[in-house]
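Enquirer: Mind looking at a prediction? Sequence and model below.
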Amino acid sequence: MTVTIAYIVLFISAYVFVAFKGKSIIIKQLEGLTHKKVSAGQFKLMLPFTLDIKDLNVEGLAKVDEISITPSIPYFLMGNIAFNDISVINPKITYNRVPPPQAVVSSTAEAPVKAAAVPEIKAKVEPKKKRPLRLVLKHVTVKDGNIDFIDYTVKADGIKITIKDINFKLTKLYTFPFPAITNFELKGRIPWQEGEEEGKISVEGWLNYYKKDIQAAIKIEDIDGIYLSPYYSSWVDLEKARIEKASLSFTSNIQGLNNSVTAECHLELTDIVRKPRPAEVSEGKEEKVTSVVLDTFKALDQGKVVLDFAIKTRMDRPELGISNIQTAFADKIAKVRDSNSLKTEDVLVLPLKILESTVKGATDISRAVIDGTFAIGKALKDAAEDSFRK
């Protein structure tokens with residue numbers, strides 16, 4: 001009876017606090033974190049201690065129809081940031097990636113005046129050790145999410161990549177020693193140009209945050225290689241190669257133990273459409289090289305353009321190495337050359353022109369689309385890291 005009365009008193013007190021002060025405090029905290037104007041509609045406390053927020057708007061960054069948050073009172077009392085449940089419905093997030101500001105050096109600046117020498121006094125200051133974040137997320141769901149990633153680093157008016165219909169689930173994440181396996185699952189769709197087939201993304205698996213073990217599978221289908229061409233346009237000319245359409249699919253099986261992670265990756269280029277060449281126009285070097293590359297790759301993999309490679313990294317500091325892809329490509333070209341599938345003149349063209357990315361017009365369309373796709377992945381990873389640090 002005493003416990004019941006205490007619970008009722010605590011709930012009423014929390015309800016009154018949320019009703020009169022909670023909304024303004026939470027908005028102020030969000031504005032401090034995001035440096036954006038924040039507004040929200042309804043704030044409501046429901047049993048058992050669930051905070052429900054509707055129509056949350058972080059100006060220029062995010063809009064969310066509804067967020068429900070249920071804290072874990074016992075874990076909070078032990079000094080953790082802990083939630084039994086977080087449910088996010090229909091979030092719309094916009095992230096703009098802009099080039100870093102250029103340093104401006106004045107040519108008329110006066111030379112600095114040399115100051116008199118002053119004895120340097122060094123004081124030994126022990127750096128403050130940051131207390132690790134003790135976070136508990138028992139259950140997180142995101143329904144019908146949407147992310148717009150706009151990258152202004154590749155062209156002035158930006159390239160926009162949207163992931164829509166995002167559904168995400170996560171269970172049992174502890175960022176401190178605790179015998180728990182975190183399970184996660186993400187699905188979404190990537191619309192390209194109107195009338196084109198949408199891309200699909202799927203990520204699922206589990207991890208042990210404390211032991212740094214992981215097992216996961218990533219699958220991305222129907223990536224529009226032409227839409228991503230701004231990422232590799234500086235060294236690939238699609239017009240000269242007469243490439244009108246190309247789709248890319250990517251899968252990766254990730255295995256990690258004690259912070260050592262290996263990702264076995266498989267890339268497959270499909271639906272390649274070449275523009276017809278007018279009869280009066282002779283075949284250019286770029287078009288010829290592209291034809292040779294595509295034909296020889298298909299000869300090796302039963303009519304498909306396939307590239308397999310492995311990425312080795314660390315779970316606490318993941319890095320995506322484009323060099324792994326370039327090495328795999330070079331090895332495959334060497335295999336084709338050794339099998340005498342190429343004529344002598346083609347062998348001379350390929351290593352020099354395709355493997356030297358500094359030469360515009362070295363149109364290895366398969367590597368171009370692949371590198372462009374991984375540039376997108378790295379950009380999204382960098383954007384996520386920037387957001388986390390902020």
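Expert: Yep, it's here.

Enquirer: okay, now residue 334: neighbour count?
Expert: Residue 334 sits with 12 neighbouring residues when counted by other Cβ atoms under 10 Å. (C-beta placed from N, C-alpha, C; glycine too.)

Enquirer: And the pLDDT at it?
Expert: Predicted confidence (pLDDT) for residue 334: 70.

Enquirer: quick one: secondary structure of it?
Expert: Of the three states, residue 334 takes helix under DSSP: H, G, I helix; E, B strand; the rest coil.

Enquirer: repeat for residue 88
Expert: Of the three states, residue 88 takes strand under three-state DSSP.

Enquirer: partners of it in the sheet?
Expert: Taking DSSP bridges as the rule, residue 88 bridges to residue 67, residue 142.

Enquirer: Correct me if wrong: it contacts residue 69.
Expert: No. In this structure, residue 88 is not within contact of residue 69 by Cβ atoms under 8 Å, at 9.4 Å.

Enquirer: With neighbour numbers in mind, choose between those two.
Expert: residue 88 (20 against 15).

Enquirer: need the contact list for the more buried one.
Expert: 64, 66-67, 140-143, 145 (Cβ atoms under 8 Å, 6 or more residues apart in numbering).

Enquirer: The chain: helices as residue ranges?
Expert: Applying DSSP state H to the chain gives helices spanning 2-17, 23-34, 73-77, 238-241, 285-300, 322-338, 344-354, 365-389.

Enquirer: Check those for me: which has the lowest mean pLDDT.
Expert: Checking each of these, the one with the poorest mean pLDDT is helix 344-354, at a mean of 41.

Enquirer: Find the residue closest to residue 42 in space, skipping its chain neighbours.
Expert: residue 54 (4.4 Å; Cβ to Cβ, 6 or more residues apart in numbering).

Enquirer: Pretty sure the one you found sits against residue 68.
Expert: No. If you go by Cβ under 8 Å, residue 54 and residue 68 don't touch, sitting 9.7 Å apart.

Enquirer: Now do the shared contacts for these two.
Expert: Common contact partners of residue 54 and residue 68 (Cβ under 8 Å, 6+ apart): none.

Enquirer: how much space between residue 282 and residue 289?
Expert: Using Cβ to Cβ, to the nearest Å, we find residue 282 at a distance of 15 Å from residue 289.

Enquirer: and if you look at residue 33?
Expert: Per Cβ to Cβ, residue 33 is found 51 Å from residue 289.

Enquirer: repeat for residue 187
Expert: As for residue 187, its distance to residue 289 is 38 Å (criterion: Cβ to Cβ).

Enquirer: the more surrounded of the two?
Expert: Neighbours per residue (other Cβ under 10 Å) separate residue 187 from residue 289, with residue 289 holding more: 22 against 15.

Enquirer: Please report how far that one lies from residue 283.
Expert: 10 Å.

Enquirer: And for residue 199?
Expert: Distance of residue 199 to residue 283, given as Cβ to Cβ: 32 Å.

Enquirer: The two: which has the busier surroundings?
Expert: residue 199 (22 against 10).

Enquirer: And the nearest residue to the more buried one once chain neighbours are set aside, how far from residue 257?
Expert: What sits nearest to residue 199 in space, not counting adjacent residues and going by Cβ to Cβ, 6+ apart, is residue 190, at 3.4 Å. Distance of residue 190 to residue 257, given as Cβ to Cβ: 32 Å.

Enquirer: What is the burial count for residue 258?
Expert: By the measure other Cβ under 10 Å, the count of residues near residue 258 is 10.

Enquirer: Quick check, it in contact with residue 212.
Expert: Yes. Between residue 258 and residue 212 there is a contact under Cβ under 8 Å: 6.2 Å.

Enquirer: Let me see the ranges of the strands in the stretch 51-200 of the chain.
Expert: Applying DSSP state E, counting those that start in this stretch to the stretch 51-200 of the chain gives strands spanning 62-71, 81-97, 135-151, 159-174, 182-190, 199-208.

Enquirer: If you count neighbours, what's buried in the fourth one?
Expert: By 16 or more other Cβ atoms under 10 Å, the buried positions in strand 159-174 come out as 159, 161-163, 166, 168, 170-174.

Enquirer: any chance of those in CSV, plus distance to residue 221 and pLDDT?
Expert: As requested, the buried residues of strand 159-174 are exported to CSV (distance: Cβ to Cβ, whole Å; pLDDT from 0 to 100):
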residue, distance to residue 221, pLDDT
159, 20, 89
161, 15, 90
162, 16, 92
163, 13, 93
166, 16, 95
168, 18, 96
170, 23, 96
171, 26, 96
172, 29, 94
173, 28, 93
174, 33, 91
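
Enquirer: Looking at those residues, which one is closest to residue 267?
Expert: residue 161 (18.2 Å; Cβ to Cβ).

Enquirer: since we're on the nearest residue to that closest one once chain neighbours are set aside, how many residues are nearby?
Expert: Once flanking residues are discounted, residue 161 sits nearest to residue 149: 4.7 Å by Cβ to Cβ, 6+ apart. Using other Cβ under 10 Å, residue 149 is surrounded by 20 other residues.

Enquirer: hang on, isn't residue 169 packed against residue 140?
Expert: Yes. Counting by Cβ under 8 Å, residue 169 does reach residue 140; the two are 7.2 Å apart.

Enquirer: And residue 150, how close does it get to residue 267?
Expert: Distance, residue 150 to residue 267, by Cβ to Cβ: 25 Å.

Enquirer: for residue 135, that is, sorry about that
Expert: 35 Å.

Enquirer: Give me the below-cutoff pLDDT ranges for the stretch 201-350 of the chain.
Expert: The stretch 201-350 of the chain contains residues with pLDDT under 70 at 234-236, 296, 300, 303, 320-323, 326, 333, 335-350.

Enquirer: so residue 309 touches residue 327, yeah?
Expert: Yes. Under the criterion of Cβ under 8 Å, residue 309 makes contact with residue 327 at 7.2 Å.

Enquirer: who has more neighbours, those two?
Expert: Neighbour comparison, residue 309 and residue 327: the larger count goes to residue 309, with 21 against 13 (by other Cβ under 10 Å).

Enquirer: Run through the bridge partners of the more buried one.
Expert: On the basis of DSSP bridges, residue 309 is bridged to residue 265.
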